[in-house]
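*Asks:* A predicted structure for the sequence below; I have some questions about it.
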Amino acid sequence: MTTLALGAAQPPKRARKRVLPGFGLTLGYTLFYLSIIVLIPLTALLFKTFTMTWPQFWDAVAAPRVLASYRLTFGASFIAACVNLVFGLLIAWVLVRYQFPGKKIVDALVDLPFALPTAVAGISLTALLAGNGWIGQYLEPLGIQLAFNPNGIVIALIFIGLPFVVRTVQPVLEDSEKELEEAATSLGATRWQIFRHVILPAITPALLTGFAMAFARAVGEYGSVIFIAGNMPMVSEITPLIIIGKLEQYDYAGATAVAVVMLVISFVMLLVINALQAWQRRHAGAPV
């Protein structure tokens, strides 16, 4: 009886107040916002492509000039992502493991490609690397031409993709357990063995995620590339420029056909990035 009386005397629990409105309202707003911003434009893109017959679609996406742009776009993006994979890891390592004057300035400069308009980046790189530029005027007499050819495209893509690798690897290095490195040192491991067997396995998921993000960013880059590429058909013409050219010629169906190919590849890369991020969270012990 006493237990029942105490239980009856307890006040009823109040429902916990939420900062945001109810689930139904927030879900409805989310779906509406995504539909307006993402789904409707993509659906319109697909519907415009469906106005073409299959031979017309194939002729638009498999023309020699378009295929050459695919090879350049994805090849240059892959090379730039590989370079950023190596040097992004080095920069992240220096920012995490060492103290030096001006470290905060260097750390802030890593984010400069995020804040700098891509067109400004392209103009700046061209002013540096062109034949009459600050650096190019000394390299061109030696037979090294870095602007107005595929070399310039790779350099521009390295510039805009570097922060993705650095900012993905940096927090993983900061959270790494240095006790494991000290234990390996006490057991007689060399620095290379510590890096290969202790550090590298821990940061590999983050490295792959940063690589995929830098690659995906480079594939869709336009503003910083067109100023330094030269834009010569079959030589230094990227796929986004092909799409812009078709639009200027009022070939909307052809432009949307090439855009759909890029869209499909982007979705595939997005799935790969999400899978790598899930792997990274599982590797770190966090809930997926």
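*Replies:* Perfect, I can see it now.
*Asks:* what are the ranges of the helices in the stretch 151-288 of the chain?
*Replies:* All helices of the stretch 151-288 of the chain, identified by DSSP state H, counting those that start in this stretch, fall at 178-186, 191-194, 200-219, 223-229, 239-248, 252-284.
*Asks:* Figure out which of these is closest to residue 54.
*Replies:* helix 252-284 (10.8 Å; Cβ to Cβ). For glycine as for every other residue, the C-beta is placed from the backbone atoms N, C-alpha and C.
*Asks:* quick one: residue 47 and residue 240, what's the gap?
*Replies:* 21 Å (Cβ to Cβ, to the nearest Å).
*Asks:* Ends of stretch 122-141, what's the gap?
*Replies:* End-to-end distance of stretch 122-141: 23 Å, with Cα to Cα, to the nearest Å as the criterion.
*Asks:* Could I get the contacting residues of the most centrally placed residue in the chain?
*Replies:* For the chain, the residue sitting closest to the mean C-alpha position, by Cα atoms, centre = their mean, is residue 213 at 2.8 Å. Residue 213 makes contacts with 161, 164, 165, 168, 273, as judged by Cβ atoms under 8 Å, 6 or more residues apart in numbering.
*Asks:* if we go to 6 Å?
*Replies:* residue 164 (Cβ atoms under 6 Å, 6 or more residues apart in numbering).
*Asks:* Equivalent analysis for residue 228, please.
*Replies:* Here residue 228 is in contact with 122, 125, 126, 147, 152, 156 (Cβ under 6 Å, 6+ apart).
*Asks:* So the closest residue to it other than its chain neighbours versus residue 129, what's the distance?
*Replies:* Distances taken as Cβ to Cβ, 6 or more residues apart in numbering place residue 152 nearest to residue 228, at 3.8 Å, with adjacent residues excluded. To residue 129, residue 152 is 6 Å away according to Cβ to Cβ.
*Asks:* Need the overlap of contacts for the two.
*Replies:* residue 146.
*Asks:* what's the following helix or strand after the helix or strand bottoming out on mean pLDDT in the chain?
*Replies:* Least confident helix or strand of the chain, by mean pLDDT, DSSP states H and E, is helix 2-9 with a mean of 49. Downstream of helix 2-9, the first helix or strand assigned by DSSP states H and E is helix 23-34.
*Asks:* Just the buried positions in that next one, please.
*Replies:* Within helix 23-34, no residue counts as buried by 16 or more other Cβ atoms under 10 Å.
*Asks:* Mind exporting the C-alpha coordinates of that helix to CSV?
*Replies:* Output of helix 23-34 as CSV, limited to C-alpha atoms (Å, rounded to 0.1, in the frame of the first residue of the first chain):
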residue,chain,number,x,y,z
PHE,A,23,8.7,16.2,-36.8
GLY,A,24,5.9,16.6,-39.4
LEU,A,25,6.5,20.3,-39.9
THR,A,26,10.3,20.1,-40.1
LEU,A,27,10.2,17.0,-42.4
GLY,A,28,7.8,18.8,-44.7
TYR,A,29,9.9,21.9,-44.9
THR,A,30,13.0,19.8,-45.5
LEU,A,31,11.4,18.0,-48.4
PHE,A,32,10.0,21.2,-49.8
TYR,A,33,13.3,23.0,-49.6
LEU,A,34,15.2,20.0,-51.2
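*Asks:* Give me the distance from that helix to the chain's centre.
*Replies:* Put simply, helix 23-34 sits 27 Å off its chain's centre (Cα atoms, centre = their mean, to the nearest Å).
*Asks:* Next: stretch 147-161.
*Replies:* 15 Å.
*Asks:* Let me see the mean pLDDT of that stretch.
*Replies:* Stretch 147-161 shows a mean pLDDT of 92.
*Asks:* Same check on stretch 84-93?
*Replies:* 94.
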